[in-house]
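>>> structure for this input, please:
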Amino acid sequence: MEDRVVIAGGGPAGLMLACELRLMGVDAVVLERTVEPDENAQGMAVHGRSLEVFKQRGLADRIRKEDIWAWPRTPFAFFWLDLDGVGEADHTYAFPQWRTERLLEDRARELGVDIRRGHELVGFQQDATGVTVETRSAAGDGQVRGAYLVGCDGAESRVRDLAGIEFEAGGLTYYGVLGDVVLPDGPQPEFTTGLFQQGMFGALPLQAGELRLMTIEFGSAGPDRDTPVTVDELRASIRRVTGTDPRVEGVRWLSRFGGATRHAQRYRDGRVLLAGDAAHVLYISGTQGLNAGIQDAVNLGWKLAAEIQGWAPSGLLDTYHGERHPVGERICVHARAQMALMHPLDRVTPLRGLVAELLEIDAVNRFLLELPSATGYPLPAADGAEGEPHPLLGQPIPDVPLDTGGGPAGTAEALHAGRGVLLDLSGGAVDLGDADAWAGRVDVITAEPVPELDAAVLLVRPDGHVAYADRTGGSGKGLRPALAAWFGEPASADAGAVGAAG
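Residues are numbered from 1 along each chain as shown. This next block holds a predicted model:
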């Protein structure tokens, strides 16, 4: 079974990756140690950049409007960033992580993904042609063979540890505990948070009649992770942080979190790769960890499929680490900077005062909002391309309407199939030559010119990033090298050159 991928971990990153592989016609086996899906989650939100990806795969319409709403503000080091100057993609939306996982698991099953709940990876051996994974379940020990293994198995990743990939820590450690409380009849509490010398406390309304109590203690490791979480533990943590002795009743769910911000030194070891929390673990910071895992998956999926199907150009799979590792480093720096601005509070208060003034500057506010979720890659211009690179090169294509005369109604819809897209927006001025030779890897779509895109021709990778952009259609000699660079040589050996005509 060396034409499939084994994925350890059935969280958002693992499920998203499995969906991406199936869209490209590659089988995936997901090993998830939990037997049943949970309807509780530490994460209670999703980032706008993740919703962009869901829209590109036709999943956004499956989210009911009553189940999701935009948070009016976004935190940074216990400051509240102003969202007025940014678009919807930089907002955070209330949508529990368990709902995201259910959305992706439903889609994965529709696509035929082999999801094996109650199966845990306990070891693996890789060789020149694939990876043999050792598993354990209630039915006993077993093996699964695949061309590649991807560790999406979280912060305590066994795949990462067995691969010997160093997981570098930086910044403060922290320990947090939370409890979801069912309230008696009466007025609903308001959103309440506080930053204290020892850490943070929040009382966060989840829905009518339910409140989340949450603490974070800086510089603390907390109990061993195998120790059961109790109401007394939550109460004691609130007392240490706030100095008050709270009465905590009606708790229906408890959880513990924390550690240090960590980043994998590399995302690949031969036929073993990492994605999601197995690659980067962040201080709890507004959906950035979940979003990074989704972005990892859509970057990696089509590249793995290309390798397995035999059409990947040389070095394509290496671009996964090359593109995503710098992003992981950026979001880790963002997380560590937040913690450095909060503890010890008596020492950082003057600095916090200065940062508060800087945040009054729109450009600073926008920079901090966009820094951890910016998704552009510094892609090189195609060989033969002329003039200054187009500003969209390497960036995710904006979601704009398309007039295709019956085809996709927008750029997001054009990406539903998970293949590359070649957009001809030239109004008939460009001859795309043998572009159809990449059929099955790239969909050619003709549409009326779109002012927002300022281009005659755009080549968009399956992950939504622009790999080639020509403003006028006069630089068509760079298109064929771009197609070959990202989608390999065409299946037809006698395919001619892609050119341009006036």
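
>>> for the rest of this, base every contact and every neighbour count on C-alpha atoms.
Will do.

>>> please enumerate the strands of the stretch 351-500 of the chain.
420-424, 442-446, 457-460, 466-470 (DSSP state E, counting those that start in this stretch).

>>> how many neighbours does the closest residue to Thr472 other than its chain neighbours have?
Nearest-residue entry for Thr472: Ala456, 5.3 Å, with adjacent residues in sequence omitted and distances by Cα to Cα, 6 or more residues apart in numbering. When neighbours are defined as other Cα atoms under 10 Å, Ala456 has 26 of them.

>>> so who does Ala456 touch?
Ala456 makes contacts with Asp424, Leu425, Ser426, Gly427, Val430, Pro449, Ala469, Asp470, Arg471, Thr472, Gly473, as judged by Cα atoms under 8 Å, 6 or more residues apart in numbering.

>>> and the strands of the stretch 351-500 of the chain as JSON lines, adding distance to Trp302 and mean neighbour count?
Output for those, formatted as JSON lines (distance: least, Cα to Cα, whole Å; neighbours: other Cα atoms under 10 Å):
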{"stretch": "strand 420-424", "distance to Trp302": "9", "mean neighbour count": "24"}
{"stretch": "strand 442-446", "distance to Trp302": "12", "mean neighbour count": "19"}
{"stretch": "strand 457-460", "distance to Trp302": "13", "mean neighbour count": "26"}
{"stretch": "strand 466-470", "distance to Trp302": "14", "mean neighbour count": "27"}
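
>>> so which of those is nearest Gly176?
With Cα to Cα as the criterion, Gly176 lies closest to strand 466-470 of the strands of the stretch 351-500 of the chain, at 40.1 Å.

>>> pretty sure Ala70 contacts Thr92?
Yes: counting by Cα atoms under 8 Å, Ala70 does reach Thr92; the two are 5.9 Å apart.

>>> more neighbours: the two, which one.
Thr92 (25 against 15).

>>> how deep is the residue lying closest to the more buried one once chain neighbours are set aside tucked in, by neighbour count?
Nearest residue to Thr92, sequence neighbours excluded (Cα to Cα, 6+ apart): His47, at 4.6 Å. His47 has 24 neighbouring residues, counting by other Cα under 10 Å.

>>> now do the one 5 residues further on
Neighbouring residues of Glu52 were enumerated by other Cα under 10 Å; the total is 20.

>>> state the mean pLDDT of the helix or strand harbouring it.
Per DSSP states H and E, Glu52 falls inside helix 48-56. In this model, helix 48-56 has a mean pLDDT of 97.

>>> so which elements touch it?
Contact partners of helix 48-56 among helices and strands, from 3 or more Cα pairs under 8 Å, 6 or more residues apart in numbering; DSSP states H and E: helix 288-309, helix 411-414.

>>> which residues touch the very next helix or strand once past the first one?
What that stands for is helix 288-309. Moving toward the C-terminus from helix 288-309, the next helix or strand (DSSP H and E) is helix 318-340. Identification of contacts with helix 318-340 by Cα under 8 Å, 6+ apart yields 76-77, 170-172, 261-263, 266-268, 279-285, 288, 292, 296, 299-300, 303, 348, 371-373, 375, 377.

>>> let's see 7 Å
With contacts defined as Cα atoms under 7 Å, 6 or more residues apart in numbering, helix 318-340 is touched by 76-77, 171-172, 261, 263, 266-268, 280, 282-283, 285, 296, 299-300, 372, 377.
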